[in-house]
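Novice: I would like to see how this sequence folds:
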Amino acid sequence: MPAPTSVSRAAILVVAVTCAAYLNSFWGTFVFDDLHEIDRNPALARLEPPWEAMFAGNKLPARPLPYLSFAVDRAIWGPAPFGFHVTNLAIHVVAALALFDLVRTTLSGPVLRDRFGGRAVPLAAVIAMLWAVHPLQTQSVTYVYQRIESMTGMFAFLALAAFARAAAAAGWTSQRAGSSRHPGAGWLAASVAATAGAMASKENAVVLPLVILAYDWFFVDAPASRADANGRGWLAAVWRRRGFYACLFATWGLVAAQILIQRGKYQEFQETKHPPLAYALTQPEVILHYLRLVVWPVGQRIDWQWPIATGVGRILPPLAVILAALVATAWGTLRRRPWASLGVWFFLGLAVTSSILPVEAVANEHRMYQPLAAVVAGLVLSVVAATDAAAARWRLDPARTTRLLAVVAGSLIGALALLTLLRNSLYAGVDRVWLDVYHQDPGNLRANWFLAGIFDTAGEDEIAEQFAARAVAIKPTEAVFNDIAAVHMHAGDYAGAVRLCRKGLELQEAKLGREHAAVLRTRGDLVIALAMQGEREEAARLCAESLDAMRRVLGPGDPVTITADGAIADAQIAAGDAAGAATRLREVVATARKKLGPTAPVTTNMTLLLARALREAGDVPGAEAVLRGAVADFRQPSFRTAEQVRLLEHMLAGTLAAAGRHGEAVAIRRRMADAARAEHGENDPATNRAAKQLAEALALEAAATGDRPTAVRLWGMLHDDAVRVLGPDDEETRRLARELEAARAAAAAPPR
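Specialist: Here you go, the predicted structure:
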């Protein structure tokens, strides 16, 4: 048994080398899915209640524990990427230590003790370090969002290490594992807990109970002789520890619940990206590509647009290699050969994403996070075994051979760590990451798409449009120009949004025709941009031209169709036909509530429009009833619906004030201001906005009740603040100046 000090020193070395390889990862920025799932995900802004963060992916399905950890990071470190990278590295370090402990415990066990037991600690340290600093791991560590992969791997290694510790505590026999007095009972409980953690981190953890069962087969209750390798009595031993396995496999329920809760966000359950058979036949060459990156980690990318394999010449050679490996693994497994455990670990680790379940991304480097450990362990132990055989045959000095292996291992670890540092440097800028992909593959859709957005943000409009046009040429159905236009819309640049939507619409129509679903959706985005720019007549005309096609192609309940109907009604209001618009909008709102739900953002937008139409038609009670009913639909507003409720209550307060019910309007404004202060703090823009709205409501109430000095004071405060923040020539400042002048005139007039 190795001395505790040697184990501790080896563990410290693993930690130090891993941290050294990722020192420059702290300066990485948010890239790819980080942007919408972390940086722009409002669910991560607060920790209470925790399940909002755990089950609230912005565009992608949320994985409960990783997303909760993102929220914790934001609470501790703020929104900057630095703290997220610290946590990612900490997870990776724990995973490396768990792998070290798993390998050390296994090599010290009865099956491998005679061959590797005396060197278990250094071999485990080398395997853990090679695995930890390999540049193939950068996508799971330096790319923040892929914490879902590294956290799953961490829990998987912890579960396996705990199971191995349980077996070691029982003397590598589980004859009494069903008893509460089993010496490894605590470790078995830890294994189940870690397995549950893996299940709550990512769906590919479903294979973990099978991996643990395979470890049991290979290393626990080891056969007394090769003749007994068929495992007679093993099933009986497993039955005796049935309580442990019942708990282990029960953790599958966590994955099932997660998928059911968020089924609508899983791409695999929506539009079929690839035929299952074609996807499966492509995976052998993808797996060989992964293995090539293990031994020659050059040419990595954050995004691979791997083409589906077609043709016998492309499918058969890699398929034959992988089938041969599978057959060898199956043969070794049936005969209980320890080396086959690595094959089982490798293939089970890739089973979920590299089999018949067609995932959108055919290849992704982060999928090798766990399987890489099996490959590294196999290579290291094979080299050591071959060296031992050569040393015995040629009667070499064992000490000299050991020193040579140590030098080779150290050099390899250093070289891989250097490559990892170089790879990490790309993550210092989102432009570097995507230029790297683009230079390797100019036809990559996402590279062109992201670079279009990057250059647009930098003000390089011409270059941005060239990249966007390339992206549309690669895949015309993608809303590339719409995506960039949305950024302009958010910044208030409606003219820029209109220009981009027009360009995208032109390119898509040329490729797809006028009535393709993607074209109609782009037209819908153009309508919104035109309406925001104030071009309501053109927006209504486009909607009138497209509405029949939208209803036929997209369906009457599609958000784009509903929005187009609303744009036509908006133009009716502007033309003075508020009553006609209200009639139309009642039907639109009813459709939105039925098809999309009463709390959908589009439903809220149409409800606000209906309330405006009713107000302008003189039906203030009707507008109030519509708004109060809509607010009541949000019985428990969440982070997603808070803004919708704010808009509804804002219009309700305005409606009540217009009806002369200033006390009720002030009560609503006061509640909104208190809520903003509690959620955002004193100095947040949202809090300041709510405070100004409350002050304006109080000014109107003061004027209505005859308290003219208070009205003058409040309008004066609001006007001075607008001059300071917006400037004297801003339209809002001029409006407040008119209100202040009217209040002063009223205060100066003699009382009646």
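Novice: helices or strands up against the helix or strand that contains residue 487?
Specialist: Assigned by DSSP states H and E, residue 487 belongs to helix 480-490. Contacts defined by 3 or more Cβ pairs under 8 Å, 6 or more residues apart in numbering; DSSP states H and E place helix 480-490 against helix 445-457, helix 461-474, helix 494-512, helix 517-533. Where C-beta positions appear, they are placed from N, C-alpha and C, glycine not excepted.
Novice: and these: which comes nearest residue 658?
Specialist: For those, the distance to residue 658 is smallest for helix 517-533, at 22.9 Å, taking Cβ to Cβ.
Novice: next, the angle from the closest one to helix 480-490.
Specialist: Interaxial angle, helix 517-533 versus helix 480-490 (axes from the mean of the first three to the mean of the last three Cα atoms, to 10 degrees): 20 degrees.
Novice: which other residues reach the helix holding residue 487?
Specialist: 448-449, 452-453, 456-457, 464, 468, 471-472, 494, 496-498, 500-501, 503-505, 507, 521-522, 525, 528-529, 532 (Cβ atoms under 8 Å, 6 or more residues apart in numbering).
Novice: rerun that using 7 Å as the cut-off
Specialist: Here helix 480-490 makes contact (Cβ atoms under 7 Å, 6 or more residues apart in numbering) with 449, 452-453, 456, 464, 468, 471-472, 496-497, 500-501, 503-504, 522, 525, 529, 532.
Novice: what do you get for stretch 636-648?
Specialist: The set of residues external to stretch 636-648 that reach it, using Cβ under 7 Å, 6+ apart, is 42-43, 45-46, 52, 599, 601, 604, 608, 627, 630-631, 634, 672.
Novice: in PyMOL, how would I select the buried members of these?
Specialist: Applied in PyMOL, the following selects the buried portion of these according to 16 or more other Cβ atoms under 10 Å:
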select buried, resi 43+52+599+604+608+627+630+631+634+672
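Novice: compare the helices and strands packed on helix 480-490 and give me the one nearest residue 213.
Specialist: Residue 213 lies closest, by Cβ to Cβ, to one member of those: helix 445-457, at 38.4 Å.
Novice: give me the helices and strands touching the closest one, please.
Specialist: Packing partners of helix 445-457 (3 or more Cβ pairs under 7 Å, 6 or more residues apart in numbering; DSSP states H and E): helix 430-440, helix 461-474, helix 480-490.
Novice: just to revisit the earlier point, relative to residue 288, which of the contacts of stretch 636-648 is nearest.
Specialist: Looking across the contacts of stretch 636-648 and measuring by Cβ to Cβ, the closest to residue 288 is residue 43, at 39.3 Å.
Novice: roughly how far apart are the residue nearest to that closest one when sequence neighbours are not counted and residue 81?
Specialist: Nearest non-adjacent residue to residue 43, counting by Cβ to Cβ, 6 or more residues apart in numbering: residue 56, 3.5 Å away. Per Cβ to Cβ, to the nearest Å, residue 56 is found 20 Å from residue 81.
Novice: now do residue 212
Specialist: Taking Cβ to Cβ, one finds residue 212 at 35 Å from residue 81.
Novice: tell me which of the helices and strands packed on helix 445-457 sits most buried.
Specialist: helix 480-490 (a mean of 22; mean count of other Cβ atoms under 10 Å).
Novice: secondary structure class for the residue nearest to residue 43?
Specialist: Assigned with DSSP: H, G, I helix; E, B strand; the rest coil, residue 56 falls in the coil class.
Novice: and it, how far from residue 491?
Specialist: Residue 56 is 25 Å from residue 491, where distance means Cβ to Cβ.
Novice: okay, the two: which has more neighbours?
Specialist: residue 56 (20 against 11; other Cβ atoms under 10 Å).
Novice: ok, now which ones touch residue 743?
Specialist: 703, 708, 711-712, 715.
Novice: name the nearest residue to residue 275, sequence neighbours excluded.
Specialist: residue 358 (7.0 Å).
Novice: hmm, residue 280 and the one you found touching each other?
Specialist: No - using Cβ atoms under 7 Å as the test, residue 358 is too far from residue 280 to be in contact (8.3 Å).
Novice: so which of those two has more stuff around it?
Specialist: Set side by side, residue 358 and residue 280 show more neighbours around residue 358, with 20 against 17, by other Cβ under 10 Å.
Novice: can you classify that one as helix, strand or coil?
Specialist: Per three-state DSSP, the secondary structure class of residue 358 is coil.
Novice: just residue 363 next, same as before
Specialist: Going by three-state DSSP: residue 363 is coil.
Novice: send me stretch 258-266 as PDB with only the CA atoms.
Specialist: The C-alpha coordinates for stretch 258-266 follow below in PDB (Å, rounded to 0.1, in the frame of the first residue of the first chain):
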ATOM      1  CA  GLN A 258     -35.700  16.800 -17.000                       C
ATOM      2  CA  ILE A 259     -36.600  15.800 -20.600                       C
ATOM      3  CA  LEU A 260     -40.300  15.800 -19.900                       C
ATOM      4  CA  ILE A 261     -40.200  19.300 -18.200                       C
ATOM      5  CA  GLN A 262     -38.300  20.800 -21.100                       C
ATOM      6  CA  ARG A 263     -39.200  18.600 -24.000                       C
ATOM      7  CA  GLY A 264     -40.100  21.500 -26.300                       C
ATOM      8  CA  LYS A 265     -36.500  22.800 -26.200                       C
ATOM      9  CA  TYR A 266     -34.700  19.600 -27.200                       C
END
